[in-house]
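3D model of this:
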Amino acid sequence: MPPEPYAIGVDLGGTNLKVGLVHRDQGVAKRGRVKTSPEQGPAAIIDRMAKAVERARSALPEGGELVGVGIGAPGAVSLDRRVIVGPPNLPGWDRVDVVAELRTRLPDLSQPILVENDANVAGLGSAFYGAGRPYHSFLMATLGTGVGGAILVNKRLFRGATGAAGELGHVTIDYEGPYARSGVAGAVEAYLGQHFLSRHARYRLLTRETSLREEAGADLDRISPHLLHMAAQAGDAGAIEVLAWAGHKLGAALGSAVNLLDIRKIVVGGGVSAAGELLLGPARDALRRFVLPAMQSGLELVRETLGNEVALLGAARLVFEHQDDLVA
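Numbers count the residues shown, from 1 in each chain. Got it, this is the predicted structure:
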């Protein structure tokens, strides 16, 4: 019998660095995480990444074959899937050749190492293991610290001319609106990124009666999307209104993307999406308002339920896809 194919998936986040050993068909076989500690800079983080990859490699079962390492990372990634450029939550990563750096730390690793934007790998993970499986083509929106996006066409990523396509978070929905971290005015991330959503919720609810003060403090200075979701589920009217407001913004951005690309299936993931229908119901309503009437047939918006695991699976899928391309 041929050996069982495994890949190592890495999800490089601003808080945690997650690593999984992934079977091509059965998904994550083993997982681990370490703190990213971004203030320590690229070298220290890549040291930890190399050690985590080595631990995952040592867990390869008998009869298994490691076919490569895939890495999902924030920020722009070069077209050759080697270099991370200016990720917003990793200071000092102006231009880092992650593949070269890992090769120096893992000289006996001969298998391919591929790097891709974190929202793109989430899209791949969804396409082959998650909510995106029924769709040949779909848009992926990831709502977390920032807002990311991916474009899947016939189960393949559309990467654009330089590899940076799909930045849904930086689509402007109000050119006179608040500035996102990127400096783009009125970008959807300036409304739906965790920090921005929390800040808006605080200002909007500060003078209202709300159950959020029990957990977030009298001045709501500890408010978060998670607390907002919990309060809304419990029936807090203000929290419900804020999530509906955020859903409307999301629907407006997605409507523009549908009009541009004529892709009518949408998967929404990331931590903020845990609000479920409190956020996605208003997003669906707004989506139809912002899509051309002739393009409304087949519109569908669903939530990705695999959570953070979808990024590990998608990072590994980079490797399996690369292997398939070599054979084709």
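
And the strands in the stretch 101-250 of the chain?
Secondary structure of the stretch 101-250 of the chain by DSSP state E, counting those that start in this stretch: the strands cover 113-117, 138-143, 147-153, 156-157.

Can I get the ones you listed in CSV including mean pLDDT?
Formatted as CSV, the strands of the stretch 101-250 of the chain follow (pLDDT from 0 to 100):
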stretch, mean pLDDT
strand 113-117, 97
strand 138-143, 96
strand 147-153, 96
strand 156-157, 96
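
How many neighbouring residues does Val153 have?
Using other CB atoms under 10 Å, the number of residues around Val153 comes to 12. No exception for glycine: its C-beta is placed from N, CA and C like everyone else's.

From what I see, it and Gly166 are in contact.
No. Using CB atoms under 8 Å, Val153 makes no contact with Gly166, being 11.0 Å away.

which residue sits closest to Phe320 in space, ignoring its chain neighbours?
Spatial nearest neighbour of Phe320, chain neighbours left out: Arg24 (5.3 Å); criterion: CB to CB, 6 or more residues apart in numbering.

now swap in Phe196 and tell me
Ala190 (5.3 Å).

how much space between the one you found and Val147?
According to CB to CB, to the nearest Å, Ala190 and Val147 sit 9 Å apart.

again, but for Lys51
31 Å.

Mind checking which of the two has more residues around it?
Val147 (30 against 14).

measure the more buried one to Leu261 for me?
Applying CB to CB to Val147 and Leu261 gives a distance of 17 Å.

what does Leu114 give?
25 Å.

For these two, indicate the residue with more neighbours.
Leu114 (22 against 13).

in the sheet, who's paired with the more buried one?
Beta-bridge partners for Leu114, by DSSP bridges, are Gly70.

For it, which residues are in contact?
68-71, 81, 99, 318-319, 322 (CB atoms under 8 Å, 6 or more residues apart in numbering).

Repeat that for Gly251.
Under the criterion of CB under 8 Å, 6+ apart, the neighbours of Gly251 are 282-290.

Name the nearest of those relative to Gly32.
Gly32 has its nearest neighbour among the contacts of Gly251 in Ala283, at 33.9 Å by CB to CB.

pLDDT wise, what is that closest one at?
Predicted confidence (pLDDT) for Ala283: 98.

Tell me where the stretch 51-200 of the chain has helices.
98-105, 118-129, 189-192, 194-205 (DSSP state H, counting those that start in this stretch).

Give me whichever of these is most buried.
The highest average neighbour count among these, using mean count of other CB atoms under 10 Å, belongs to helix 118-129 at a mean of 29.

Counting by contacts, list what it packs against.
strand 4-12, strand 64-73, strand 138-143, strand 147-153, strand 156-157, strand 265-269, helix 309-327 (3 or more CB pairs under 8 Å, 6 or more residues apart in numbering; DSSP states H and E).

same thing but 6 Å
Other helices and strands packing on helix 118-129, by 3 or more CB pairs under 6 Å, 6 or more residues apart in numbering; DSSP states H and E, are strand 64-73, strand 138-143, strand 147-153, helix 309-327.
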